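Undergrad: Here's a sequence, model it:
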Amino acid sequence: MRLIRFVSALLLCMGAAQASTPVSASAPAAPAARLDHILLWGRGIDQATAVMAVKLGFQVRPGHDPGGVANRYIRFADSSFIELLGITRPDPAFDPGMQEDQQALKGGPGSRTFGFRTASLDAIHRSLQALHYAVTPFFTGPDSAKPGWRLFAFDRAPLSSNTFFIDYAAGYAPDQFDPANAGDYRATREHPNGARELSAIWLVSGDAEADRRQLEKMGFGHAVPVKLPEVGAVGFCVPVGPTALLALQPDGKGVAADTMASGGPRVLGVSFGVDDLGRAQRWVERGYERTLATYRGLSGESFLAPTRDDLGLSIEFHAIAANRAPCAGAMEGQAAK
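TA: Down below sits the predicted model:
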C-alpha cells in the first residue's frame, strides 16, 4: 500500500530544513512550492556515506537507525537536502513500502521517491482532492509535543516516481539548532565541493508526456521541451518555484535507456549548484581517478559525476548563476531553434 510506503519512509526524516517564505493558500492552479529532497538508498549506509563524502565532497550528517534501516543527511544552504538510506543488519525490519523499494531496486542503490515542499499544504491537498487524486490524510512528525513537519502523499502515485508534499512548522529545529550555536548550524550546510543548492531532480520513465500532463494537472505548468544528450534522454523541464523537475524518457542508447532496462522508472539524476565549478570538478576527478568533461547544460556550465554504479543515479554539478530561471537553459535552447 503506497500510503504505508510514504509514511514509513518519511518517518525517518526527523531533521528536515525549515520552510521557506509562506505563500498564499488560494492558488491551487499554480502551487507555490519547490523541490525539497530525495530518498536515496545505498548498498549500505557506510558505502553511500563514503561515496558522498570521499568521492563527491559532500558533508554527511548523522541520522538514526531504527530497525536496521539507517538514515543520514546532506543539507544545503537553500534548505533542501538528500536523505541517505541503508540497511545495517541482515534482518532489517522492513515495512511494506521499504520492501517495495528494495524489490524495485533489486537490493541495489537508487531513488524512487522525492518531495515537494510548500507552505500551502492545506490548499494543495484540497485542490488535489477536488481533482480526484487519491491523496492520503495528513501525517506529522517527529511527535505531537513539539513543532515538526506535516505531509501528505498518494495512495496511487500520479507520476512515474513516487512523490509527496511536505511543510515544516515555524520554529522546527533541525540538527538540534540552538540560536546560540548559529555558526554550528551554518557549518552543517558547508561542503568541501562548494555545493549550495539542489536545483533539479530528473525523473525517467517510458512516457515523459504522461508525467508532463500529470504535473500540469497538479498545477505545475509551463513545461519546456528539453534534450539531454549527456544521458540520452528527451522530455520536459517543469519549473517548481526556484527549482526544476525534469520529466524524461530514453532517446536512443545511453544512461536513460540503460536505467529503464535495468530497473524501470525512477529518479535518473539530481543537479546541484556549486560556488566554484572547477573546485567541484577537481574533487570528483580525484575521487573517481578520471578526467571529466564539462558541457553546457540546462543550468549553464556543468559536468556529470560518474555515480551511476555507486548510487544508482547521476549527479550533475553546475556553476550557480544569480537570478537564473530554473528552466532558462531549456528556453534558450528552444529560442535558438
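Undergrad: correct me, but residue 54 touches residue 288?
TA: No - the pair residue 54 / residue 288 is not scored as a contact, 10.3 Å apart, by CB atoms under 8 Å. For the C-beta atoms, the positions are set from N, CA and C on the backbone; glycine is no exception.
Undergrad: tally of neighbours for the nearest residue to residue 293 once chain neighbours are set aside?
TA: Distance criterion CB to CB, 6 or more residues apart in numbering; nearest residue to residue 293, sequence neighbours excluded, is residue 303 at 6.7 Å. Neighbour count for residue 303, taken as other CB atoms under 10 Å: 21.
Undergrad: if you count what's nearby, which of residue 54 and residue 288 comes out ahead?
TA: Ranked by neighbour count (other CB under 10 Å), residue 54 and residue 288 place residue 288 first, with 16 against 12.
Undergrad: I figured that one was touching residue 303, is that so?
TA: No - with contact defined as CB under 8 Å, residue 288 does not count as touching residue 303 (11.4 Å).
Undergrad: ok, residue 304 - how many residues close by?
TA: Quick note: residue 304 (other CB under 10 Å) scores 22 neighbours.
Undergrad: An error on my part: the question was meant for residue 322.
TA: 4.
Undergrad: In which helix or strand does it reside?
TA: Using DSSP states H and E, residue 322 maps to neither a helix nor a strand.
Undergrad: From residue 124, how far out is it?
TA: As for residue 322, its distance to residue 124 is 29 Å (criterion: CB to CB, to the nearest Å).
Undergrad: So which residues of the stretch 101-250 of the chain form helices?
TA: Applying DSSP state H, counting those that start in this stretch to the stretch 101-250 of the chain gives helices spanning 121-130, 182-187, 208-217.
Undergrad: Which one, of these, ends up nearest to residue 152?
TA: Nearest to residue 152 among the helices of the stretch 101-250 of the chain is helix 121-130 (5.5 Å), distances taken as CB to CB.
Undergrad: Pull out the buried positions in that closest one.
TA: 121, 123, 124, 125, 127, 128 (16 or more other CB atoms under 10 Å).
Undergrad: Pick the one among those residues closest to residue 217.
TA: Distances from residue 217 to the buried residues of helix 121-130, taken by CB to CB, are shortest for residue 128, at 9.2 Å.
Undergrad: per-residue pLDDT, the residue lying closest to that closest one once chain neighbours are set aside?
TA: Leaving out its chain neighbours, the residue that sits closest to residue 128 by CB to CB, 6+ apart is residue 135, at 5.1 Å. pLDDT, residue 135: 95.
Undergrad: And the closest residue to residue 228 other than its chain neighbours, how close does it get to residue 197?
TA: If the residues on either side of it in the chain are set aside, residue 228 comes closest to residue 248, at 6.7 Å by CB to CB, 6+ apart. From residue 248 across to residue 197, the span is 21 Å (CB to CB).
Undergrad: Same question for residue 87.
TA: 30 Å.
Undergrad: With residue 219 instead?
TA: Residue 219 is 23 Å from residue 197, by CB to CB.
Undergrad: One more: residue 184?
TA: Taken as CB to CB, the span from residue 184 to residue 197 is 21 Å.
Undergrad: So for those two, which residue has more residues nearby?
TA: Neighbour tally, residue 184 and residue 197, criterion other CB under 10 Å: the higher count belongs to residue 197, 19 against 12.
Undergrad: pretty sure the more buried one contacts residue 78?
TA: Yes - using CB under 8 Å, residue 197 is in contact with residue 78, at 4.1 Å.
Undergrad: which regions of the chain sit below the pLDDT cut-off?
TA: 1-31, 95-97, 143-146, 170-181, 331-337 (pLDDT under 70).
Undergrad: Against residue 82, how distant is the spatially most central residue of it?
TA: Note on the chain: the residue nearest the mean C-alpha position is residue 38, at 3.2 Å, using CA atoms, centre = their mean. Going from residue 38 to residue 82 by CB to CB gives 6 Å.
Undergrad: shared neighbours of the two, anything?
TA: Shared contacts of residue 38 and residue 82, defined by CB atoms under 8 Å, 6 or more residues apart in numbering, are found at residue 270.
Undergrad: tell me what the helix ranked longest in the chain is packed against?
TA: Determined from DSSP state H, the single longest helix within the chain is helix 277-288. If you count contacts as 3 or more CB pairs under 8 Å, 6 or more residues apart in numbering; DSSP states H and E, helix 277-288 packs onto strand 300-305, strand 314-319.
Undergrad: From the contact counts, what lies against the first one?
TA: What it means is strand 300-305. helix 277-288, strand 294-297, strand 314-319.
Undergrad: With just CA atoms, put whichever helix or strand comes after that strand into CSV.
TA: Sequence order places helix 308-311 as the next helix or strand after strand 300-305, per DSSP H and E. Written as CSV, here are the backbone C-alpha positions of helix 308-311 (Å, rounded to 0.1, in the frame of the first residue of the first chain):
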residue,chain,number,x,y,z
ARG,A,308,25.5,5.6,-11.5
ASP,A,309,27.3,2.4,-10.4
ASP,A,310,27.8,3.7,-6.9
LEU,A,311,24.5,5.4,-6.3
